[in-house]
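>>> next come a sequence and a model predicted from it.
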Amino acid sequence: MSTDLATSGPKSLAANSIFTFVLIKPTHYDDHGYPIQWFRSALPSNTLACMNSLAEDACKREVLGAGVDILIETYDETNRRVVPARIIRELQRRGGRALVGIVGVQSNQFPRAFDIARQFRAEGMQVCIGGFHVSGCIAMLPDMPAELRQAQALGISLFAGESEERRLDEVLRDAWRGELKPLYNFMDQLPSLEGEPAPILPQKHVVRTAGTYSSIDLGRGCPYQCSFCTIINVQGRKSRFRTPDDLEQIIRANKAQGIDRFFITDDNFARNTDWEILLDRVIKLKGEGIHVGFTIQVDTQCHKIPNFIEKATKAGVKRVFIGLENINPDNLIAAKKRQNKITDYRVMLQKWRAHGALTFAGYILGFPADTKESILRDVEIIKRELPLDVLEFFFLTPLPGSEDHKNLLRKGVWMDPDINKYDLNHRVSHHSKMSDAEWEEAYRAAWEAYYTPEHIRTVLKRAAAIPNGRPKQITSTIMWFKLMIEHEGVHPLEGGAFRLKSRRDRRHGMPLESPLVFYPRYAAEIVTKAWRYWRFFSGTRRILNEVLNAPDRHAYTDLAIAPPRDDEFEALDLYHATSGGEAALARKKLGDDIRGPVPARAAAAE
């Protein structure tokens with residue numbers, strides 16, 4: 001299908017010397033059908049950065065011929081309104097040919113991506129959708145799901161897999177000829193990342209986020225087999241990595257535009273076999289006066305890698321997301337997350353704390369052994385016995401592309417048909433022990449139980465007790481998490497500063513609201529949330545000031561941060577009140593006996 005926007009009559013391709021590649025990273029809809037969008041979003045999109053760099057590389061290599069001028073336009077809808085009609089008018093004014101690439105589309109974002117795409121298709125424009133939803137469905141399901149078939153029926157092309165190793169070239173050339181294929185399937189050909197264009201976004205995108213953050217993927221893939229995970233089926237179980245030269249290029253290019261903090265999006269940086277040479281390169285750059293900060297994601301075994309935590313924090317790691325997932329060994333085994341050992345949790349968290357890193361942990365609610373009572377019991381155990389700074393909760397969700405989703409679909413078990421809800425913040429399946437209402441109430445209650453004023457005070461006391469603690473940074477993060485979940489109704493990782501809503505952007509099929517209804521309600525929401533924000537901010541700042549000004553702040557201790565005791569395996573609820581805790585303890589003791597005596601608590605003192 002041709003997309004010659006300059007004229008209605010046939011022309012040679014050489015005459016249409018302009019090709020515009022529009023890249024859009026979509027958001028998803030809230031419960032009322034409005035795109036979740038912010039004046040400042042949390043983080044820039046790494047997928048958008050990767051695709052932007054790959055497109056720029058294709059442009060430099062003149063993949064469409066020496067006489068074709070390739071223009072690249074990028075939109076991150078979490079912080080910038082996307083108005084297809086406006087983009088179409090500009091493309092028609094400019095002339096030439098165009099391709100709209102809707103990229104990095106997760107399952108919950110697919111309905112929004114489809115709504116955007118149908119507006120471009122109505123004007124005869126070429127559209128291609130790629131990302132985890134398309135790739136996961138192609139990888140795991142025997143038949144293409146209805147929403148993908150509907151997209152193809154509208155003439156929307158689908159892209160499954162990754163675009164490196166010049167695979168994007170094929171799509172661009174096909175679009176230039178007006179001959180997009182219905183499906184580009186590269187799922188069985190995972191590309192190498194070495195020497196590929198570095199993921200870099202222009203500063204104009206980064207300034208639309210909450211800070212001077214950019215993102216990097218230094219590796220893709222994961223060797224583990226967690227049944228709820230899509231990464232192992234989309235990015236593969238064999239890890240692939242960028243090189244230290246790639247990392248240095250990314251850092252220098254971003255520093256040149258004033259960006260010095262990075263979120264490394266790798267699902268588990270500790271499993272990158274080149275972690276040490278990567279960190280050594282960053283430490284070397286520090287010697288040249290190039291200082292950067294990092295947020296990384298790791299597993300619960302990272303502290304067992306010699307010198308990993310020490311080098312990571314020396315290189316500039318300030319925040320660590322840890323896939324704790326649960327403290328019930330029976331649940332972890334059921335989800336095939338056998339690598340998580342609750343007997344390691346305290347040592348691991350205390351080691352990160354000792355090196356001054358803020359710790360964030362993801363916690364999944366809805367495993368088979370969970371009940372509302374057990375969930376709230378476990379939250380109290382975590383508060384009392386684990387030195388975590390920030391805890392974030394998720395519904396156990398059968399994401400398309402995961403083994404859980406494939407199995408439920410094969411068995412004919414009910415899953416919510418609205419994939420907009422598959423954001424880990426909504427219940428989309430039934431539980432074997434809890435009613436739907438109990439499961440949803442347990443989710444809300446878990447957030448409320450962890451972020452009480454009393455526990456916020458405790459977390460800040462723990463941070464203020466050590467010289468390299470960061471109570472101010474923890475305070476701002478806690479406020480972010482609490483306010484997003486309680487007053488914005490979105491998961492904190494989808495949050496941002498000042499919610500934006502556009503009346504005409506409502507979800508396809510939902511009625512357009514009257515201005516007399518929409519705008520007064522929107523204004524009232526802003527005023528109400530501002531008051532609630534201020535009240536929580538004032539109260540939390542008061543707690544922080546009291547903690548910082550306490551004369552005995554450095555003498556504070558509690559069970560979670562105290563050095564491990566000789567009898568703690570016998571005394572702590574973590575090992576005796578949880579489902580499967582005593583069995584996990586028995587497995588540890590058996591392993592210790594087989595390996596022989598080890599100096600008591602030596603690992604904890606490292």
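Nice, I can see it. This is a predicted model, so every value here is computed, not measured. Numbers count the residues shown, from 1 in each chain.

>>> was I right about residue 539 contacting residue 453?
Yes: if you go by C-beta atoms under 8 Å, residue 539 and residue 453 touch, sitting 6.8 Å apart. Backbone N, C-alpha and C define where each C-beta goes, glycine included.

>>> burial count for residue 530?
12 (other C-beta atoms under 10 Å).

>>> before we move on, what about the one 10 residues further on?
Number of residues near residue 540 (other C-beta under 10 Å) recorded here: 21.

>>> can you check residue 453 too?
Residue 453 has 12 nearby residues by other C-beta under 10 Å.

>>> what's the answer for the one 10 residues further on, then?
Using other C-beta under 10 Å, the number of residues around residue 463 comes to 27.

>>> now swap in the one 3 residues further on and tell me
Close neighbours of residue 466, defined as other C-beta under 10 Å, add up to 16.

>>> repeat that for residue 280.
For residue 280, using other C-beta under 10 Å, the count is 15.

>>> which element, helix or strand, includes it?
helix 275-287 (DSSP states H and E).

>>> which stretches in the stretch 401-550 of the chain count as strands?
All strands of the stretch 401-550 of the chain, identified by DSSP state E, counting those that start in this stretch, fall at 496-500.

>>> helix or strand right after the helix holding residue 280?
Assigned by DSSP H and E, the successor of helix 275-287 is strand 293-298.

>>> now do that next one: distance to the chain's middle.
12 Å (C-alpha atoms, centre = their mean, to the nearest Å).

>>> what is the mean pLDDT for whichever helix or strand comes after it?
Next helix or strand after strand 293-298 toward the C-terminus (DSSP H and E): helix 308-315. Here helix 308-315 scores 97 as its mean pLDDT.

>>> how about helix 308-315 as CSV, C-alpha atoms only?
Only the C-alpha atoms of helix 308-315 are listed here, as CSV (Å, rounded to 0.1, in the frame of the first residue of the first chain):
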residue,chain,number,x,y,z
PHE,A,308,30.0,-6.8,43.2
ILE,A,309,28.3,-4.5,45.7
GLU,A,310,31.6,-2.8,46.6
LYS,A,311,32.4,-1.9,42.9
ALA,A,312,28.8,-1.1,42.0
THR,A,313,28.5,1.5,44.7
LYS,A,314,32.0,2.8,44.0
ALA,A,315,31.0,3.3,40.3
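
>>> what's in contact with it?
With contact meaning C-beta atoms under 8 Å, 6 or more residues apart in numbering, helix 308-315 is reached by 270, 275-276, 279-280, 282-283, 286, 294, 296, 302-303, 351-352, 355-357.

>>> what about residue 170, how many residues close to it?
14.

>>> I meant residue 422, not that one.
Using other C-beta under 10 Å, residue 422 has 24 neighbouring residues.

>>> now swap in residue 93 and tell me
Other residues lying near residue 93 total 9 when counted by other C-beta under 10 Å.

>>> any idea how far it lies from residue 268?
47 Å (C-beta to C-beta, to the nearest Å).

>>> other SSEs contacting the helix ranked longest in the chain?
Across the chain, the longest stretch assigned as helix under DSSP state H is helix 515-549. If you count contacts as 3 or more C-beta pairs under 8 Å, 6 or more residues apart in numbering; DSSP states H and E, helix 515-549 packs onto helix 453-464, helix 471-483, strand 496-500.

>>> if you set the cut-off to 7 Å instead, what comes out?
Contact partners of helix 515-549 among helices and strands, from 3 or more C-beta pairs under 7 Å, 6 or more residues apart in numbering; DSSP states H and E: helix 453-464, helix 471-483.

>>> could you tell me which residues within the helix or strand following it count as buried?
Downstream of helix 515-549, the next assigned helix or strand under DSSP H and E is helix 568-571. By 16 or more other C-beta atoms under 10 Å, the buried positions in helix 568-571 come out as 568-569.

>>> same deal with stretch 28-41?
In stretch 28-41, counting by 16+ other C-beta under 10 Å, buried: 28-30, 33-38, 41.

>>> cool, and stretch 170-188?
171-172, 174-176, 180, 184, 186-187.

>>> returning to what we had before: nearest to residue 239, of the helices and strands packed on helix 515-549?
Residue 239 lies closest to helix 471-483 among the helices and strands packed on helix 515-549, at 29.0 Å (C-beta to C-beta).

>>> shaky segments in the chain?
1-16, 211, 334-342, 579-606 (pLDDT under 70).

>>> my guess is residue 220 meets residue 240, correct?
Yes: shown here, residue 220 and residue 240 form a contact pair, counting by C-beta atoms under 7 Å, at 5.4 Å.

>>> returning to that earlier point: from the buried residues of stretch 28-41, which single one is nearest residue 444?
Nearest to residue 444 among the buried residues of stretch 28-41, with distances taken as C-beta to C-beta, is residue 30, at 16.7 Å.

>>> ok, the residue lying closest to the closest one once chain neighbours are set aside - contacts?
Once flanking residues are discounted, residue 30 sits nearest to residue 36: 5.4 Å by C-beta to C-beta, 6 or more residues apart in numbering. If a contact means C-beta atoms under 7 Å, 6 or more residues apart in numbering, then residue 36 has 27-28, 30, 490, 494 as its contacts.

>>> dump those into JSON lines; add distance to residue 63 as well.
Shown next, in JSON lines, are those (distance: C-beta to C-beta, whole Å):
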{"residue": "27", "distance to residue 63": "30"}
{"residue": "28", "distance to residue 63": "32"}
{"residue": "30", "distance to residue 63": "39"}
{"residue": "490", "distance to residue 63": "39"}
{"residue": "494", "distance to residue 63": "35"}
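
>>> one step back: what helices or strands is the helix holding residue 280 leaning on?
By 3+ C-beta pairs under 7 Å, 6+ apart, helix 275-287 packs against helix 244-256, helix 308-315.

>>> quick one: that helix to helix 308-315, angle?
Orientation of helix 275-287 against helix 308-315 (axes from the mean of the first three to the mean of the last three C-alpha atoms, to 10 degrees) gives an angle of 20 degrees.

>>> ok, now which ones touch residue 403?
residue 227.

>>> what about it, distance to residue 105?
As defined by C-beta to C-beta, residue 403 lies at a distance of 21 Å from residue 105.

>>> now do residue 18
27 Å.

>>> and those two? which has more neighbours close in?
For residue 18 versus residue 105, neighbours defined as other C-beta under 10 Å are more numerous around residue 105 (28 against 16).

>>> and the most centrally placed residue in the chain, what is it in contact with?
For the chain, residue 493 is the residue whose C-alpha lies nearest the centre (C-alpha atoms, centre = their mean; 6.8 Å). Taking C-beta under 7 Å, 6+ apart as the criterion, residue 493 is in contact with residue 42.

>>> one more time with 10 Å, if that's ok
By C-beta atoms under 10 Å, 6 or more residues apart in numbering, the contact list for residue 493 reads 42-43, 321, 360, 362, 392, 394, 423-425, 481, 484.

>>> need the residues you listed in JSON lines (columns: distance to residue 140 and neighbour count).
Output for the contacts of residue 493, formatted as JSON lines (distance: C-beta to C-beta, whole Å; neighbours: other C-beta atoms under 10 Å):
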{"residue": "42", "distance to residue 140": "29", "neighbour count": "20"}
{"residue": "43", "distance to residue 140": "27", "neighbour count": "21"}
{"residue": "321", "distance to residue 140": "25", "neighbour count": "22"}
{"residue": "360", "distance to residue 140": "28", "neighbour count": "21"}
{"residue": "362", "distance to residue 140": "22", "neighbour count": "18"}
{"residue": "392", "distance to residue 140": "26", "neighbour count": "19"}
{"residue": "394", "distance to residue 140": "20", "neighbour count": "18"}
{"residue": "423", "distance to residue 140": "19", "neighbour count": "24"}
{"residue": "424", "distance to residue 140": "18", "neighbour count": "21"}
{"residue": "425", "distance to residue 140": "23", "neighbour count": "21"}
{"residue": "481", "distance to residue 140": "32", "neighbour count": "21"}
{"residue": "484", "distance to residue 140": "31", "neighbour count": "20"}
